[in-house]
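Colleague: Make a model of this:
(chains A and B)
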Amino acid sequence: MSEEKSLNFLEEIIENDLKSGKHQTIVTRFPPEPNGYLHVGHAKSICLNFGLAKKYGGYTNLRFDDTNPVTEDVEYVESIKDDIKWLGFEWANELYASDYFEQLYEFAVTLIKKGLAYVDDSTSEEIAQQKGTPTQPGTNSPYRSRSVEENLQLFADMRAGKYRDGEKVLRAKIDMAHPNMHMRDPVIYRIKHAHHHRTGDAWCIYPMYDFAHGQSDSIEKVTHSICTLEFVPHRALYDWLIEKLEIYPSKQYEFARLNMTYTVMSKRKLLQLVNEKHVTGWDDPRMPTLSGMRRRGYTPESIRDFCDRIGVAKRDNLIDVGLLEFCVREHLNKVALRKMVVFDPVKVILTNYPAGQTEMVASENNPEDAAAGERLIPFSGELFIEREDFMENPPKKYFRLAPGQLVRLKSAYIIRCDEVVKDANGTITELRCTYLPESRSGSDSSGINVKGTLHWVSAQHAVPIEVRLYDRLFMVDDLSATEGDFKEYINPDSLKVIPNALAEPSLAKAKPDEHYQFMRKGYFIVDADSKPGKPVFNRTVTLKDMWAKSSKM
RNA sequence: UGUCCGAUGGUGUAACGGUAGCACAGAAGAUUUUGGUUCUUUUAGUCAGGGUUCGAAUCCUUGUCGGACAACCA
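Modeller: Residues are numbered from 1 along each chain as shown, chains lettered A, B, ... in the order given. Sure, this is the predicted structure:
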């Protein structure tokens, strides 16, 4: 009955904390910096933070880590909120580290008074010099022994704007010989005369990540502060600050970030792709951003399912993008409406079909969902089928159309190819076929069973649509194993546009929020670039294609 | 030549001293008016050496390999 789903290491920690009475309830937070768009790696973190809180009856704050005004922007704040909501999560409180600037300042003063922080006049180069290296201890700054009074005055002057950017910093006084580089008197406040998107010009000193994040967690009484592995070395400082400040002891736990094949997942690189126009924007359907994936036709359900399946652990990983594709296919198969669209048309003339006649054939909208009903599609003696669905000299197991061979036209009749018409270049211009009148779908009395079923459109009824076919953005699966500029590995064929595909008439009225399966082609969704009379569709993902796979070998 | 983290089929992830399981991918077959879906079956794994133990993926130890760490970024 109860399929004992095993717990990941974070769930184990939480269950232990709940069991031992350390916590009655849990509080998590999702802490994006508003300097870029959210990507599928963030989705993993969102699903974790919000999912854990939901599972254990706690709540999650959305807290923007907005401590660096020069890289941050409200545009990003809005997109981040949209993406989280779209993914299907609700935060308990919308908070900002900048809300705590005054409190954080007081914390810094407390540290100074305890003799645990000092104002340093060293340049950034000098500070870097003093840091030493991972294998060599650092050296003390000449300003390290300033008195508490002097530090207090200097820090107040920093806040008052008496100094230029970079002239002074506030450093924690810990241990310049500490084996953990982050404990070698880290900078905790720096001067930036910059306009902040929320606090305006109220401040010219801003706390560093290490002096904002843990303290914000503590202020919010976050019980489990979950972040990625690169913050492991920061944990000692996180704990040190909380201990010295004697504030609520939030605890930090780290998991391995998501890496995926054939893509990059760093905001810096994604920003570069956008700025250098390798993609059309943050929401380009080839981007691993949530806005890009949404535009591409991914569903929140499929992304959540993906995050669930990839699991959570502490070892580095590289997830096959095929798993993401599996998840979206699995969801879309259940909900997408089936349509027929011919990408590369070749004309089929039914020589024995009454001239000028048109009839309507019924076709199920979704064989996986009877409630989706049926639609009527016009059929006539002049049709288009896919060029690749015909072969003049077919191999053994080719089930599609060939001279003398029978195929069914989906939801319509069985036809046989009698004659191939070519132009002077040898290109096929027309296939002359005969149809079996008694083979009509639903009232087939022909007794004939054919192996292949093709999609088609009626020539006079077809509507032109633009179709955009996306492929992986990069040509190598593991970008971390490459050398040189990652942009050298961009796939030049990541977008193929078919400006005039021919669709069944119902697609002229496609709805922006509906997912479609173009039969035998893939899953598609309307793009925002659509214009009246000229809809544009993005391919979310292809269908699995065993034939293409086996025929390649 | 430092500190920290990690290592289970191709890729992920379980097994908490007691039969190495699941998913994706791969292969074979059945069904199918989508070469889709669905359903069977199947290939393939504990980094290496030593130790503790009746018994080790699990504990100890040494080594190997991978990753992180030297921004006034987060």
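
Colleague: how about the residues of the stretch 151-300 of chain A near RNA strand B?
Modeller: A:165-167, A:169, A:179-182, A:187, A:190-192, A:206, A:208-209, A:212-213, A:229-234, A:256 (C-beta under 7 Å from any atom of the strand). C-beta: built from backbone N, CA, C; applies to glycine.

Colleague: again with the stretch 351-500 of chain A
Modeller: A:366-368, A:397-400, A:408, A:410-412, A:439-442, A:444, A:449, A:452-455, A:480.

Colleague: Now with 6 Å, please.
Modeller: Applying C-beta under 6 Å from any atom of the strand, we find that the stretch 351-500 of chain A lies next to RNA strand B at A:367-368, A:397-400, A:408, A:410-411, A:441-442, A:444, A:452-453.

Colleague: Just the buried ones among the residues you listed, please.
Modeller: A:398-400, A:408, A:410-411, A:441, A:453 (16 or more other C-beta atoms under 10 Å).

Colleague: quick check, nearest of those residues to RNA strand B?
Modeller: Taking C-beta to the nearest atom of the strand as the measure, RNA strand B lies nearest A:Ser441 of those, at 2.6 Å.

Colleague: residues contacting the nearest residue to the closest one once chain neighbours are set aside?
Modeller: The spatial neighbour of A:Ser441 that comes closest, neighbours along the chain excluded (C-beta to C-beta, 6 or more residues apart in numbering), is A:Ser411 at 4.9 Å. A:Ser411 is in contact with A:361-364, A:377, A:441, counting by C-beta atoms under 8 Å, 6 or more residues apart in numbering.

Colleague: If you count neighbours, what's buried in stretch A:73-87?
Modeller: Quick answer for stretch A:73-87 (16+ other C-beta under 10 Å): A:76-77, A:79-81, A:83-84, A:86-87.

Colleague: which SSE is A:Asp157 in?
Modeller: helix A:148-159 (DSSP states H and E).

Colleague: Can you flag which of the residues of the stretch 151-300 of chain A next to RNA strand B belong to strands?
Modeller: A:169, A:187, A:190-191, A:206 (DSSP state E).

Colleague: quick one: which of those has the most company?
Modeller: A:Val169 (25 neighbours; other C-beta atoms under 10 Å).

Colleague: so that one makes contact with A:Val119?
Modeller: Yes - at 7.3 Å, A:Val169 and A:Val119 qualify as touching, with contact defined as C-beta atoms under 8 Å.

Colleague: Report the buried residues of stretch A:475-492.
Modeller: Buried, per 16+ other C-beta under 10 Å, within stretch A:475-492: A:475, A:479, A:486, A:490.

Colleague: State the distance spanning the first to the last residue of that stretch.
Modeller: 9 Å (C-alpha to C-alpha, to the nearest Å).

Colleague: Repeat that for stretch A:331-342.
Modeller: 24 Å.

Colleague: how far out from the middle of the chain is that stretch?
Modeller: 22 Å (C-alpha atoms, centre = their mean, to the nearest Å).

Colleague: what about that stretch and RNA strand B, touching?
Modeller: Yes - using C-beta under 6 Å from any atom of the strand, stretch A:331-342 reaches RNA strand B at A:333, A:338.

Colleague: Check which residues of that stretch are buried.
Modeller: A:331-332, A:335-342.

Colleague: got it, and stretch A:528-539?
Modeller: A:535-539.

Colleague: and which of those residues is nearest to A:Leu507?
Modeller: A:Pro535 (6.8 Å; C-beta to C-beta).

Colleague: For the stretch 251-400 of chain A, which segments count as strands?
Modeller: A:251-255, A:337-339, A:341-342, A:345-350, A:358-364, A:374-380, A:382-386 (DSSP state E, counting those that start in this stretch).

Colleague: Any chance of those in JSON lines with distance to A:Lys314 and mean pLDDT as columns?
Modeller: Formatted as JSON lines, these follow (distance: least, C-beta to C-beta, whole Å; pLDDT from 0 to 100):
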{"stretch": "strand A:251-255", "distance to A:Lys314": "6", "mean pLDDT": "98"}
{"stretch": "strand A:337-339", "distance to A:Lys314": "42", "mean pLDDT": "98"}
{"stretch": "strand A:341-342", "distance to A:Lys314": "46", "mean pLDDT": "98"}
{"stretch": "strand A:345-350", "distance to A:Lys314": "53", "mean pLDDT": "98"}
{"stretch": "strand A:358-364", "distance to A:Lys314": "47", "mean pLDDT": "98"}
{"stretch": "strand A:374-380", "distance to A:Lys314": "51", "mean pLDDT": "98"}
{"stretch": "strand A:382-386", "distance to A:Lys314": "48", "mean pLDDT": "98"}
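
Colleague: most packed of these?
Modeller: strand A:341-342 (a mean of 25; mean count of other C-beta atoms under 10 Å).

Colleague: Quick one: residues in contact with it.
Modeller: A:384-386, A:455-457, A:462, A:465, A:467, A:501-504, A:507, A:518-519, A:521, A:524.

Colleague: how many other residues sit next to A:Tyr516?
Modeller: Neighbours around A:Tyr516, by other C-beta under 10 Å: 26.
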